[in-house]
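Asks: Need coordinates for the following:
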Amino acid sequence: MRTFGIEQEFFLINPATGLPAVPRHHVHNELMALRSGGTHTHPEFLACQVENSTPICTTGAEALEAVVAARQDLSAVAREAGLQLVGLGTAPRIPAGPAPVHASERYYAINRFCPGITSEHYVCGTHVHVGIEDLETGVQALNSLRQWLPLLTALGANSPFWRGADSGFASWRTIAYLRWSIHGIPPHFADARDYLARMEFLLASDVVLDAGHIGWGARLSARFPTLEIRVADAQMGASDVVVLALVMRALVSAGIHSPGRIPDPAPEALDMAQWQAAKFGTRGNHYDLAAGTKASLDRRLDALLTYIGAELEDSGDTDFVGTGLARIAGDGNGAAAQRSFFHAGGFDALISEAGARILD
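Replies: Purely as a prediction, here's the structure:
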């Protein structure tokens, strides 16, 4: 089976204020030292964030075990320090003044380059790396993914609140990222040579500091033989993380094994569909980018499961993914849950419930 790995980003919140909190030095060191379930914890861009990466996985069971173990131990360390670990795509409320950046030369360089953006970059995502055979197959899979990225954005939307108010979007994180120099849905590449030439052009520009600064929603990793999918917000519950990861793995495999004629939607159609996914999430219409028509969420999910059905069957993930997608479609995504928590008890209830769902 095709290998994959998951990177989860989390906020540390002070439950007394509901604001992002920078842990004390010894707490930070304890968090970084955790190796739960074979995972590794790393600093993230802001000092109030942590990132956890699973080992290379081949099954959903392996991934779920690693994700749950990491969340349990990270949450326990945070609670002992009087903090709350949450999987939210944006911090619902943020303090005044520039956000404290983690002490890293690269992060400092980014902060100096774009202070107007980084000063409020309180966003967390779920990134999934899927193993690829070589550059040519990676480009083929990247092209095939483009039509599905808006649907993945909608399913993984979990950032409706910003600066103490409802943003009106299911994924405000998606909208916030559009301010960066290279972002959104990647272009269609003719082949591996075209991909390398265009990457060389971007990296030679004055607005890209390094390969990691190219923030497309799906990209080929500069460090690993993987295709990285970055459109999903951080997730409240562990099961949703793994459902999304398994769908992404299946999409990569389907694009490589049975590409057929890969659709090349117009750039404006992709931009529109992605914006609409960020706006409405799992509510309202979606777009079938291959057909160029509106479609309900149910129709898009039926099309998705038809497209990746053979891959899910081969990996034994059909039931887990089917049940998970049905739950998200029926109950709503993380954005819907956040709004429900807020309406029941304000931001205090939202943070408390998000903290409880870490162990789901």
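
Asks: And the next helix or strand past the longest strand anywhere in the chain?
Replies: Longest among the strand segments of the chain by residue count, using DSSP state E, is strand 4-14. Heading C-terminal from strand 4-14, the first helix or strand you meet, by DSSP states H and E, is strand 19-20.

Asks: Sheet-wise, list the partners of that next one with their directions.
Replies: Paired neighbours of strand 19-20 in the sheet (DSSP bridges): strand 4-14 (antiparallel).

Asks: pLDDT of the partner strand, averaged?
Replies: Averaged across strand 4-14, pLDDT comes to 98.

Asks: For the longest helix belonging to the chain, buried residues please.
Replies: Taking DSSP state H as the criterion, the chain has its longest helix at helix 334-357. By neighbour count with 16 or more other Cβ atoms under 10 Å, helix 334-357 contains the buried residues 334-339, 341-342, 347, 350-355, 357. To be clear about C-beta, it is placed using only N, CA and C from the backbone, and glycine gets the same treatment.

Asks: One more: stretch 308-327?
Replies: Those would be 308, 311-312, 315, 317-318, 320-321, 324-325, for stretch 308-327 by 16+ other Cβ under 10 Å.

Asks: what are the ranges of the helices in the stretch 151-300 of the chain?
Replies: If DSSP state H, counting those that start in this stretch is used as the criterion, the helices of the stretch 151-300 of the chain fall at 172-177, 192-203, 238-257, 267-280, 297-315.

Asks: I'd like those laid out as JSON lines, including mean pLDDT and distance to residue 47.
Replies: Shown next, in JSON lines, are those (pLDDT from 0 to 100; distance: least, Cβ to Cβ, whole Å):
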{"stretch": "helix 172-177", "mean pLDDT": "97", "distance to residue 47": "19"}
{"stretch": "helix 192-203", "mean pLDDT": "95", "distance to residue 47": "28"}
{"stretch": "helix 238-257", "mean pLDDT": "97", "distance to residue 47": "23"}
{"stretch": "helix 267-280", "mean pLDDT": "95", "distance to residue 47": "27"}
{"stretch": "helix 297-315", "mean pLDDT": "96", "distance to residue 47": "38"}
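
Asks: how about TSV for the ones you listed, with distance to residue 7 added?
Replies: Compiled in TSV, the helices of the stretch 151-300 of the chain are given as follows (distance: least, Cβ to Cβ, whole Å):
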stretch	distance to residue 7
helix 172-177	15
helix 192-203	21
helix 238-257	10
helix 267-280	21
helix 297-315	20
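
Asks: Minimum distance to residue 80: which of those helices has it?
Replies: helix 238-257 (20.5 Å; Cβ to Cβ).

Asks: now for the closest one, which elements pack on it?
Replies: strand 4-14, helix 60-80, strand 125-131, helix 135-145, helix 149-155, strand 226-233, helix 297-315, helix 318-331 (3 or more Cβ pairs under 8 Å, 6 or more residues apart in numbering; DSSP states H and E).

Asks: Which one of these lies nearest to residue 195?
Replies: Closest approach to residue 195 among the helices and strands packed on helix 238-257 is made by helix 135-145 (5.0 Å; Cβ to Cβ).

Asks: Tell me the gap between that closest one and the middle of its chain.
Replies: Helix 135-145 has its C-alpha centroid displaced from the chain centroid by 19 Å (Cα atoms, centre = their mean, to the nearest Å).

Asks: List the contacts of it.
Replies: Helix 135-145 is contacted by residues 130, 132, 186, 188-189, 191-192, 194-196, 218-220, 225, 227, 229, 251-252, 254-256, 259, 262, 264 when judged by Cβ atoms under 8 Å, 6 or more residues apart in numbering.

Asks: of those, buried ones?
Replies: Buried among the contacts of helix 135-145 (16+ other Cβ under 10 Å): 130, 132, 186, 188-189, 192, 195, 218-220, 227, 229, 251-252, 254-256, 262.
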